[in-house]
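1. Can you look at this prediction? I've put the sequence above it.
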Amino acid sequence: MAERTLFDKLWDAHVVADLGDGNALIAVDRVFLHERTGASALKSMAAAGRTVADPARVFAVMDHIVDTRPGRGDATTMPGGSAFITETRAACHAAGITLFDVDDPDQGITHVISPELGIVLPGVTLVAPDSHTCTQGAFGAFAWGIGSSEAEHAMATGTLRMARPKTMRVTFDGQLRPGVTAKDMILTLLARHGAGGGSGHVVEFAGDAVTALDIEARQTLCNMATEFAAVSGIIAPDAVTLTYLEGRRYAPNPLPDWSDLKSDEGAVFDAEIVIDAGAIRPMVSWGTSPEHSIGIDGFVPQGPGRVHDYIGLAARMPIAGVPIDAAFIGSCTNARLSDLRRAAAILDGRHVAPGVKALVVPGSRAVKRAAEAEGLDVIFTRAGFEWRDSGCSLCFYAGGEGFAPGSRVISSTNRNFEGRQGPGIRTHIASPEVVAASAVAGFVTQPSSPSGEGDAKHRERPEPTVQASPGSAALRRPLREAKRV
Amino acid sequence: MPPFTTLTARVALLARDNVDTDAIIPSREMKTTGRTGLAEGLFAPWRYVEGRVPDPAFVLNAMPDARILASGENFGCGSSREHAVWALAEWGIRAVIAETFAPIFRNNCIRNGVLPVVLAKEAIADIVGREVTIDLPMQTVAGYRFEIDAEAKTMLVEGLDAIDLTLKRSAAIAAFHRRDRIARPWVYL
């Protein structure tokens, strides 16, 4: 038998029927809904008189619209938002599917709690009406985002009709330098190959630097496969994966043998990219697409003029030293326990710069409890961060709570689109450690590395020339003094 | 779903790459759990100036009769929200032409009777602003050939409901599950 890629194996195991011309009817093993788009699918199904084929394999959670301020209930700051919550609850109960409700101890962001509960497993197909479902490919599952209509299809039939995607392998050779993270790996890929670079492909992340990542960092890497226009990202399961899944609520006991779930030696991919992991630097985005990312010690390049107009930064200026108004640690990209630990290690004994609004939103209630058990919440709150309940929160702006219009935010999230975090908001995406260090400094900076390289206290802070644009109070203020970080 | 065979209409150009679904319809414009009332929020950040006054410079305000929207690379990237397609369709856009599409957005188009057409940059530049005819059975736009897979083409031309189509294969689905329950019992909860 010909050598097959990991994706070939996942696909072949799920073909229910060949529809011709490269299309197939694919079995869907797990569906996960959230209140933003899930209610719409369930309501539409009910209106059409259709039922969920196998409710035991469909799950739902409140994550997108639910308030993250302490003491929350069904009320939310988003105008009309509580209807999404109450309608999703009613629709889930009527359909007989498992719901992790607002006050459930297992509530959290879909792509954080699905792994925590062992709902995603190696070898399964899992879909959700959420583009970041690709996060869960980190477990060797074929997990991808769909729209509401396809969610209805998946629930009503247990299948999806789809064209077979192409395969791409992105190999990160060698080892990451200290202080360089999975977030920097994916931002490097996006910066070099563009936000459309993975279009139509399922991307397998491979190489020594990938297998060296812990399971949470692997999820960060796969999370942004959708920012690469990939259908999904996948990583072959290994001992790290199995150790994590052992004993999880929905995982089988004992775990089955998944050792064949990897690309065969000599398997051919439709496209290959190789990146030297040792050359990757801590990254930050400068523009309005994740592909607009540069090394944090780099200079803003010349891009489309409207991008510079929106972001308010001139070409050729250093990105380090750009003053920020807010810092956000959260989202399905970087709000797991390891992310919070790394940020807290930087914030311990320090305080955010005056005038910087800072908040941290754990990815799940389980993450929140674990963080509190080791005192991370105390470190964050002493440093001036707000400590929130779990949810998607200010990763996007739904019309309720937001940052001040026009403000500049350093964010551990995955999208820096125009207006993503609110009208006129300029978002710079980066790792949690860069967000923490920047919050303390009051400007974009990286934390100290073992060599001291790039540390604000070891070098002259660049004097950025900031291009003022209307509505930006931040940019009219004088640059803040450099603080020791 | 309304069938799509041919369409003759003007082509409006949104001259950008990576037009994301947050731009097509921001999260704050998704005010109901239903699928209607979304055209109001279509391209809200770019379509309106302060006070929600239409910006005459924005292409859909300048060409309100355009039924075809053209753009650059990676159109529809970002959030999976189908509201982006519902908003475009409610506004009257029946086809989107781009150099490449984000995969989820493309699938959402096909499920809602909106034709996604992939054309080269030069062809797009040639048809912008013109009234052109799209012939889906022939797979042409103003004489330019475009590719579309047979499944998507059939769904659009015949206006098929994908769920009804798949439910006709319930015997094959049941047979798959009988085999799969033996091979992977742990999948079934």
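-> Great, that's in hand.

2. contacts, neighbours, all on C-alpha from now
-> Fine.

3. which ones are touching the residue lying closest to residue A:115 once chain neighbours are set aside?
-> Closest residue to residue A:115 apart from its sequence neighbours, by CA to CA, 6 or more residues apart in numbering or on different chains: residue A:136 at 7.2 Å. Contacts for residue A:136 (CA atoms under 8 Å, 6 or more residues apart in numbering or on different chains) come out as A:111, A:114, A:115, A:120, A:142, A:143, A:219, A:222, A:223, A:234.

4. sec struct for residue A:136, please.
-> Of the three states, residue A:136 takes helix under DSSP: H, G, I helix; E, B strand; the rest coil.

5. about what we covered before: which single one of the contacts of residue A:136 is nearest to chain B?
-> Of all the contacts of residue A:136, residue A:120 has the smallest distance to chain B: 9.9 Å, by CA to the nearest CA.

6. Quickly find the element holding the residue lying closest to that closest one once chain neighbours are set aside.
-> Once flanking residues are discounted, residue A:120 sits nearest to residue A:114: 5.8 Å by CA to CA, 6+ apart. In the assignment (DSSP states H and E), residue A:114 maps to helix A:110-116.

7. same for the following helix or strand past that helix, what does it pack against?
-> Counting by DSSP H and E, the next helix or strand C-terminal to helix A:110-116 is strand A:125-128. In terms of contacts (3 or more CA pairs under 8 Å, 6 or more residues apart in numbering or on different chains; DSSP states H and E), strand A:125-128 is packed against strand A:30-34, strand A:142-145.

8. residue nearest the centroid of chain A?
-> Among the residues of chain A, residue A:333 comes closest to the average C-alpha position under CA atoms, centre = their mean, at 2.3 Å.

9. Can you report phi and psi for that one?
-> With angles defined as degrees, to the nearest 10, residue A:333 sits at phi -80, psi -50.

10. tally of neighbours for residue 105?
-> I'll assume chain A. Residue neighbour count, defined by other CA atoms under 10 Å in any protein chain shown, stands at 12 for residue A:105.

11. try again with chain B
-> Here the number of neighbours of residue B:105 (other CA under 10 Å) works out to 27.

12. ok so, going back, just the helices and strands packed on strand A:125-128: most buried one?
-> Across the helices and strands packed on strand A:125-128, averaging neighbours per residue (mean count of other CA atoms under 10 Å in any protein chain shown) puts strand A:142-145 on top, at a mean of 28.

13. Now look at it and say if it contacts chain B.
-> Yes. With CA under 8 Å from any CA of the partner chain as the criterion, chain B is reached by strand A:142-145 at residue A:145.

14. Show the subsequent helix or strand relative to that strand.
-> Going down the chain from strand A:142-145, the next helix or strand is helix A:148-157, by DSSP H and E.

15. quick one: the lengthiest helix in chain A to strand A:30-34, angle?
-> The longest helix of chain A (DSSP state H) is helix A:81-95. Between helix A:81-95 and strand A:30-34, the angle comes out at 150 degrees (axes from the mean of the first three to the mean of the last three CA atoms, to 10 degrees).

16. for helix A:81-95, packing partners?
-> Judged by 3+ CA pairs under 8 Å, 6+ apart, the packing partners of helix A:81-95 are helix A:38-47, strand A:98-100.

17. what's that helix in contact with?
-> If you take CA under 8 Å, 6+ apart as the criterion, helix A:81-95 is touched by A:34-36, A:38-39, A:42-43, A:51-52, A:55, A:60, A:62, A:65-66, A:74-76, A:98-99, A:101, B:31-33.

18. Quick check, the residue in the stretch 351-485 of chain A closest to chain B?
-> The stretch 351-485 of chain A approaches chain B most closely through residue A:398 (4.1 Å), counting by CA to the nearest CA.

19. Would you enumerate the residues in contact with that residue?
-> If you count contacts by CA under 8 Å, 6+ apart, residue A:398 has them with A:65, A:78, A:422, B:26, B:27, B:28, B:29.

20. of these, buried ones?
-> A:65, A:78, A:422, B:26, B:27, B:28, B:29 (16 or more other CA atoms under 10 Å in any protein chain shown).

21. quick one on the thing from earlier: going by distance to residue A:294, which of the contacts of residue A:398 wins?
-> For these, the residue nearest residue A:294 by CA to CA is residue A:422; the value is 23.2 Å.

22. pLDDT score for the nearest residue to that closest one once chain neighbours are set aside?
-> Closest residue in space to residue A:422, ignoring its immediate chain neighbours: residue A:397 at 5.0 Å, by CA to CA, 6+ apart. On the pLDDT scale, residue A:397 is placed at 94.

23. And what about the residue in chain B that chain A sits nearest to, helix, strand or coil?
-> Of all residues in chain B, residue B:28 sits closest to chain A, at 4.1 Å by CA to the nearest CA. Classification of residue B:28 using three-state DSSP returns helix.

24. what does the one 5 residues further on give?
-> Residue B:33 falls in the coil class when you classify it by three-state DSSP.

25. For it, give me its contacts.
-> Applying CA under 8 Å, 6+ apart to residue B:33 gives the contacts A:36, A:37, A:39, A:40, A:83, A:84.

26. wait, doesn't the fourth one sit right on residue A:150?
-> What that stands for is residue A:40. No. The criterion here is CA atoms under 8 Å, and residue A:40 misses it with residue A:150 at 11.6 Å.

27. so can I have CSV of the helices and strands packed on strand A:125-128 showing mean pLDDT?
-> As requested, the helices and strands packed on strand A:125-128 are exported to CSV (pLDDT from 0 to 100):
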stretch, mean pLDDT
strand A:30-34, 98
strand A:142-145, 98
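
28. Can you pull the phi/psi pair for residue 131?
-> Since you didn't name a chain, this refers to chain A. Note on residue A:131: backbone dihedrals following degrees, to the nearest 10 are phi -60, psi -20.

29. ah, no, chain B please
-> phi -90, psi 120.

30. How many neighbouring residues does it have?
-> For residue B:131, the count of nearby residues is 17 (other CA under 10 Å).

31. again with residue A:115
-> Counted with other CA under 10 Å, residues neighbouring residue A:115 total 24.

32. Helix or strand: which one has the most centrally placed residue in chain B?
-> Central residue of chain B (CA atoms, centre = their mean): residue B:109, 3.0 Å from the mean position. Under the criterion of DSSP H and E, residue B:109 resides in helix B:103-111.

33. does whatever helix or strand comes next after that helix come close to chain A?
-> Using DSSP H and E, the helix or strand that directly follows helix B:103-111 along the chain is strand B:115-118. No. Using CA under 8 Å from any CA, strand B:115-118 stays clear of chain A, with a minimum separation of 12.5 Å.

34. Give me the mean pLDDT for the following helix or strand past strand B:115-118.
-> Moving toward the C-terminus from strand B:115-118, the next helix or strand (DSSP H and E) is helix B:121-127. In this model, helix B:121-127 has a mean pLDDT of 97.

35. from memory residue A:436 sits against residue A:345, does it?
-> No. Contact criterion CA under 8 Å: residue A:436 and residue A:345 do not qualify, at 9.1 Å.

36. Check the contacts of residue A:398 for the minimum pLDDT and say which it is.
-> In terms of pLDDT, residue A:78 ranks lowest among the contacts of residue A:398, with 88.
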